[in-house]
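Student: Next one to model:
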Amino acid sequence: MHNPPPLLASTLEIKLGYTFTEPALLIQATTHRSFGAHHNERLEFLGDSVLNCAIAKLIFDSHPAMPEGELSRLRANLVNQSVLAEIAAELGVGPLLRLGEGELKTGGASRPSILADAVEALLGAAFLDAGFDCACAMVKRLFAVRLSTVDGKTAPDKDGKTALQEWLQARHLPLPQYAVTRIDGEAHQQIFEVHCNIVSESIATSGSGHSRRAAEQDAATKAYAALLQRKAGTTLTSPAKQNKVKSRG
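Tutor: Numbering: from 1, shown residues only. Predicted structure coming up:
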């Protein structure tokens with residue numbers, strides 16, 4: 001793997017507010033799986049955990065009297081694909097991504113899921129390069145405006161994973177387990193199949209999508225609907241609709 005070109009290093013590192021001591025991590029973080037084998041998915045996996053932990057710590061410290069439920073809603077309003085894609089756009093990540101020819105032709109550089117994944121990968125790269133304090137400082141810079149304006153009392157327009165997670169957490173139940181069970185297609189047109197297992201409720205569903213994240217969302221939405229159908233005796237087709245309905249589960 002080669003070092004990132006000067007444009008990538010100078011432009012992106014300035015906006016991130018951090019200069020990598022290991023430049024190879026920066027280029028890996030901006031490399032999509034369609035480009036080659038040494039891509040950013042492992043860094044994305046790491047960055048997702050770093051981001052959630054950093055945001056949790058930041059809002060825990062800045063809202064000492066906020067109850068757990070509002071803290072969870074606040075984090076959900078901050079950590080989601082839409083916000084991450086917005087941050088990627090602010091950083092100018094899209095044009096700097098290394099994408100395969102197929103993804104380039106189909107608009108991968110502006111696809112929200114790819115942009116969100118790249119931001120998480122950059123945070124994972126920063127964590128490996130300099131540790132959690134560095135990555136947390138980066139999160140604080142990138143989310144500064146949103147941290148000061150987001151409302152923890154207003155429920156977010158929940159996606160399937162968020163709605164399912166909050167439902168389980170409210171009842172002190174273990175979080176669901178996700179596992180990729182199948183990947184079909186060429187690198188730029190892959191279809192992922194993901195299994196969602198809620199052990200405590202004996203519910204298992206499968207979902208599919210053009211990315212691991214999308215497949216997880218599909219599986220989680222199905223699992224959430226199954227839970228609501230079982231607990232409340234009603235069928236719900238989308239988590240967004242459930243925001244307007246109080247579950248008796």
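Student: in the protein, which spans are helices?
Tutor: Per DSSP state H, the chain carries helices over the ranges 6-16, 23-29, 41-62, 68-78, 81-91, 101-105, 112-130, 132-142, 144-149, 160-170, 212-232, 239-242.
Student: tell me the phi and psi of P64?
Tutor: In terms of degrees, to the nearest 10, the main-chain angles of P64 are phi -60, psi -20.
Student: Indicate which one of the helices of the chain is closest to R182.
Tutor: Comparing the helices of the chain by their distance to R182 (CB to CB), the top pick is helix 212-232, with 9.4 Å. The way it works is simple: take the backbone N, C-alpha and C, and place the C-beta from them, glycine included.
Student: What mean pLDDT does that closest one get?
Tutor: Helix 212-232 shows a mean pLDDT of 84 in the predicted model.
Student: can you redo the helices of the chain as JSON lines with mean neighbour count?
Tutor: Shown next, in JSON lines, are these (neighbours: other CB atoms under 10 Å):
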{"stretch": "helix 6-16", "mean neighbour count": "15"}
{"stretch": "helix 23-29", "mean neighbour count": "22"}
{"stretch": "helix 41-62", "mean neighbour count": "18"}
{"stretch": "helix 68-78", "mean neighbour count": "19"}
{"stretch": "helix 81-91", "mean neighbour count": "18"}
{"stretch": "helix 101-105", "mean neighbour count": "14"}
{"stretch": "helix 112-130", "mean neighbour count": "25"}
{"stretch": "helix 132-142", "mean neighbour count": "18"}
{"stretch": "helix 144-149", "mean neighbour count": "11"}
{"stretch": "helix 160-170", "mean neighbour count": "21"}
{"stretch": "helix 212-232", "mean neighbour count": "21"}
{"stretch": "helix 239-242", "mean neighbour count": "16"}
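Student: want to try CSV for the ones you listed, with distance to A179 as columns?
Tutor: CSV is the format used below for the helices of the chain (distance: least, CB to CB, whole Å):
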stretch, distance to A179
helix 6-16, 32
helix 23-29, 24
helix 41-62, 13
helix 68-78, 23
helix 81-91, 20
helix 101-105, 25
helix 112-130, 18
helix 132-142, 26
helix 144-149, 31
helix 160-170, 14
helix 212-232, 10
helix 239-242, 21
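Student: Least reliable of these by average pLDDT, please.
Tutor: Note on the helices of the chain: lowest mean pLDDT is at helix 239-242, with a mean of 42.
Student: Sounds good, over and out.
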